[in-house]
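Asks: give me coordinates for this.
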Amino acid sequence: MNDYSRDIIFLLKEESFTKEYLKQEMQLVHKIVASIDNDASFCRAHELVKRNRITSKRRTIVNAINRSRLKPFYFLINKN
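Replies: Model (predicted):
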């Protein structure tokens, strides 16, 4: 599991939480997000348009997003 930082805001009603409790909660949220933040779920939710073709092939989508920029006339479309 990649342990990289995320920008997550926690809104709390109580002021009496300890730092240990907050750290534990942040680790649990990170585990939840990391379990669904992977190539397979990304490819299920997106299609790649290559000029005149639309593809849902996982390998093609992963190769396209691993570049620093998409090639000209390549577009990622979210299926949602």
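Asks: longest helix of this protein?
Replies: In the chain, ranked by residue count with DSSP state H as the criterion, the top helix is helix 19-36.
Asks: quick one: that helix to chain centroid distance?
Replies: 16 Å (CA atoms, centre = their mean, to the nearest Å).
Asks: and the next element down the chain from it?
Replies: Reading on from helix 19-36 to the C-terminus, the next helix or strand found by DSSP states H and E is helix 39-45.
Asks: helices or strands up against that next one?
Replies: Using 3 or more CB pairs under 8 Å, 6 or more residues apart in numbering; DSSP states H and E as the contact test, the elements touching helix 39-45 are helix 58-65. Any C-beta I mention is one placed from the backbone N, CA and C, and that applies to glycine too.
Asks: got the buried residues for the helix it packs on?
Replies: 61, 64 (16 or more other CB atoms under 10 Å).
Asks: going forward, count from 42.
Replies: With 42 as the first residue, the last one maps to helix 99-106.
Asks: now the element after that helix, going C-ward?
Replies: Next along from helix 99-106, by DSSP H and E: strand 115-119.
Asks: mean confidence for that following strand?
Replies: Strand 115-119 shows a mean pLDDT of 95.
Asks: likewise stretch 71-81?
Replies: For stretch 71-81, the mean confidence score works out to 84.
Asks: how about stretch 96-108?
Replies: 93.
Asks: hey, C-alpha coordinates of that stretch in CSV?
Replies: Presented in CSV, the C-alpha positions along stretch 96-108 are these (Å, rounded to 0.1, in the frame of the first residue of the first chain):
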residue,chain,number,x,y,z
THR,A,96,-11.5,2.1,-25.6
SER,A,97,-12.1,0.6,-22.2
LYS,A,98,-9.0,-1.6,-22.4
ARG,A,99,-7.1,-1.5,-19.1
ARG,A,100,-3.6,-1.7,-20.5
THR,A,101,-4.2,1.2,-22.9
ILE,A,102,-5.7,3.4,-20.3
VAL,A,103,-2.9,2.7,-17.8
ASN,A,104,-0.2,3.4,-20.5
ALA,A,105,-1.9,6.7,-21.3
ILE,A,106,-2.1,7.9,-17.7
ASN,A,107,1.4,6.9,-16.9
ARG,A,108,2.7,9.6,-19.2
